[in-house]
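Trainee: need the 3D shape of this:
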Amino acid sequence: IKTVTNKWILSISFVDHNSGIAAGKNGIVLRTNNGGTSWDIEEHDTTFTFNCISMLTTGTGLIAGSSGFLARTSDSGTNWEFLSSGNRANLNVIYFVTPDYGFIVGDEGTILKTSDGGNTWIKKESNTQAKLNDIVFFSNWSNSQLWIAGDGGRLLQSTDFGETWTTLNNKSVPKVNYNSIVRNGYSLYAAGDQGIVVEVNMMKPFGQNVITTGFSDNIRDIYFPNSHNIITACDNGTIITAYLNSLTGFMFSKMSVYNTSTINQLSFVGKYGWMTGLYGVLIKTTNMGSTWTKSLIDITEGNGIQF
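Mentor: From the prediction side, this is the model:
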């Protein structure tokens, strides 16, 4: 049966340009084996919202969401095994540094760490109650750090692989909600509301640089397809892109790809990229973001997700 979902798709993860899984509100999980042309729906009757999904390999992945929900699959999403997250806060992002070591961040300052591939999770003290939205790892010679982006201008740093955390205290950094953080070269870029991007230069002791895009759109996700270009997913179905000119800095531009839907997340594999949004919106590029095509997710009804 071919249908189109109108549910909110909040997260998407591809392991190659064909195989991907998306997840969202009310327990919806979608799987594709043809790059998003069609999807199998695996739906569970639950009030849980699945905020994030991370496929570590083609078959193995984790899903996390509201009220501390956490589960794992070893068969590409057909069956899922409940895991204990040890708390009831909403979990927002799953991030693995290695196949064994990974982190989950969430509401109420939640930071969880695993050292056994996600089998068990230990809560780490963040010293904040803010909503934490994203995490990234930076390693360069002897300099290894983890950074977290969160609401209210929170930027957290760890220099001991996530055991302890400190909050960046820089009055020049705007106190907006930072929704995404990524690495590019020797810098980290935290992107958030009001079109604000903060660059943290890891080679300088006081290397925070506020970058103004010139647009007021709230940035939900940020990605560097290469060292000179930025792609961001924003509210109201807009994409803000930028080119880094060595003389003049970043040159930003904006385009609307779906003017009725917030774009929640980006997922790239090589030149192929996908964005998800509200009401089943799927936006895809096959040329590293030069052009995008939009559609509603086309679904083949499945047998239901198994927990």
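
Trainee: let's see stretch 193-212 as PDB, backbone CA atoms only.
Mentor: What follows is stretch 193-212, C-alpha atoms only, in PDB (Å, rounded to 0.1, in the frame of the first residue of the first chain):
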ATOM      1  CA  ASP A 193      18.900  30.700  16.500                       C
ATOM      2  CA  GLN A 194      18.700  34.100  14.800                       C
ATOM      3  CA  GLY A 195      21.200  32.900  12.100                       C
ATOM      4  CA  ILE A 196      24.100  33.000  14.500                       C
ATOM      5  CA  VAL A 197      27.200  30.900  14.000                       C
ATOM      6  CA  VAL A 198      30.100  30.800  16.400                       C
ATOM      7  CA  GLU A 199      33.500  29.700  15.300                       C
ATOM      8  CA  VAL A 200      35.800  28.200  18.000                       C
ATOM      9  CA  ASN A 201      39.400  28.100  16.800                       C
ATOM     10  CA  MET A 202      41.000  25.200  18.500                       C
ATOM     11  CA  MET A 203      44.500  26.500  17.900                       C
ATOM     12  CA  LYS A 204      44.000  29.800  19.800                       C
ATOM     13  CA  PRO A 205      43.300  30.100  23.600                       C
ATOM     14  CA  PHE A 206      40.600  32.700  23.100                       C
ATOM     15  CA  GLY A 207      39.500  31.800  19.600                       C
ATOM     16  CA  GLN A 208      35.700  32.400  19.600                       C
ATOM     17  CA  ASN A 209      34.500  34.400  16.600                       C
ATOM     18  CA  VAL A 210      30.900  35.300  16.100                       C
ATOM     19  CA  ILE A 211      29.800  34.900  12.500                       C
ATOM     20  CA  THR A 212      26.700  36.700  11.400                       C
END
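
Trainee: and that stretch, what's its mean pLDDT?
Mentor: Average pLDDT, stretch 193-212: 86.

Trainee: buried stuff in it?
Mentor: Buried positions in stretch 193-212, judged by neighbour count with 16 or more other CB atoms under 10 Å: 193, 195-198, 200, 202, 208-209, 211. From N, CA and C alone the C-beta is placed, and that goes for glycine too.

Trainee: now secondary structure too, for those residues, in TSV please.
Mentor: Shown next, in TSV, are the buried residues of stretch 193-212 (DSSP: H, G, I helix; E, B strand; the rest coil):
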residue	secondary structure
D193	helix
G195	helix
I196	strand
V197	strand
V198	strand
V200	strand
M202	coil
Q208	strand
N209	strand
I211	strand
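
Trainee: can you tell me which of those residues lies closest to T60?
Mentor: Using CB to CB, M202 is the member of the buried residues of stretch 193-212 that sits closest to T60, with 30.7 Å.

Trainee: just checking, N79 touches G61?
Mentor: No - counting by CB atoms under 8 Å, N79 does not reach G61; the two are 11.6 Å apart.

Trainee: give me the common contacts of the two.
Mentor: T73 (CB atoms under 8 Å, 6 or more residues apart in numbering).

Trainee: what's the local residue count around S227?
Mentor: Look at S227: counted by other CB atoms under 10 Å, it has 8 neighbours.

Trainee: which residues does it contact?
Mentor: Neighbours of S227 in contact, by CB under 8 Å, 6+ apart: 184-185, 244.

Trainee: switch the cut-off to 7 Å
Mentor: 184-185 (CB atoms under 7 Å, 6 or more residues apart in numbering).

Trainee: check T232 too.
Mentor: Residues counted as contacts of T232 (CB under 7 Å, 6+ apart) are 191, 219, 221-222, 239-240.

Trainee: before we move on, what SS does D100 have?
Mentor: D100 - assigned by three-state DSSP - is coil.

Trainee: make residue 1 into 27 and carry on from there
Mentor: All set: I'll call the first residue 27, so the last point we hit is now D126.

Trainee: surely it touches T146?
Mentor: No - D126 is beyond contact range of T146, at 11.4 Å (criterion: CB atoms under 7 Å).

Trainee: N105 and G87: which is more packed in?
Mentor: G87 (24 against 14).
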